[in-house]
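# Let me see the structure of the following:
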Amino acid sequence: MGFGAVPAYNWRKLLPRRSGSRVRQHQARQRLWNYTNPHDTTTLDAYALFGQAEDFTDRLTLVLGARYNEEHRDYTVDYTQAPVPGIVTSGSITDSIVIPSLGLTSS
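Model prediction:
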């Protein structure tokens, strides 16, 4: 074991042997990225509807409106390839809101 509860890992295998090869440097960075960052998948569906009415009288303008927003998100996060393997977690979140709008002006 290395420091604390983190298993010892040979990070040198992930680094390029010579600094002259840009392809090897990129491949090494990509391997290091894959080991240190989780894989996640997110799907987002978002909808919005807006309506507005105006012109109350010749001298008064009434603005009345509303916006309805709805979002649904499914997600999966996979920590199994991290240096300290973790869990796969997934779920979904749904949120909706009505945002009213009201205004009165005179001319």
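
# from here on, contacts and neighbour counts on C-alpha atoms
Fine.

# Wait, Q52 touches L62, no?
No. Using C-alpha atoms under 8 Å, Q52 is not in contact with L62, being 9.9 Å away.

# can you count the residues close to I93?
10 (other C-alpha atoms under 10 Å).

# Check the one 3 residues further on too.
S96 has 13 neighbouring residues, counting by other C-alpha under 10 Å.

# Angles on the backbone of the closest residue to it other than its chain neighbours, please.
Nearest non-adjacent residue to S96, counting by C-alpha to C-alpha, 6 or more residues apart in numbering: E70, 4.2 Å away. Torsion angles at E70 (phi, psi; degrees, to the nearest 10) stand at phi -140, psi 130.

# E70 against L44, yeah?
No. The pair E70 and L44 does not pass the contact test of C-alpha under 8 Å, sitting 10.5 Å apart.

# Next up, the contacts around E70.
46-48, 94-97 (C-alpha atoms under 8 Å, 6 or more residues apart in numbering).

# Let's see that with 6 Å instead.
46-47, 95-96 (C-alpha atoms under 6 Å, 6 or more residues apart in numbering).

# what do you get for I99?
66-67.

# Equivalent analysis for the one 5 residues further on, please.
Contact analysis of L104 by C-alpha under 6 Å, 6+ apart lists 61-62.

# That one sits in which helix or strand?
strand 88-106 (DSSP states H and E).

# Check the contacts of E70 and tell me the two furthest apart.
Y47 and D95 (10.7 Å; C-alpha to C-alpha).

# Can you report phi and psi for D55?
Dihedral angles (degrees, to the nearest 10) for D55: phi 60, psi 80.

# okay but it is in contact with G103, surely?
No. D55 is not in contact with G103 according to C-alpha atoms under 6 Å; the separation is 11.0 Å.

# Now do the shared contacts for those two.
L62.
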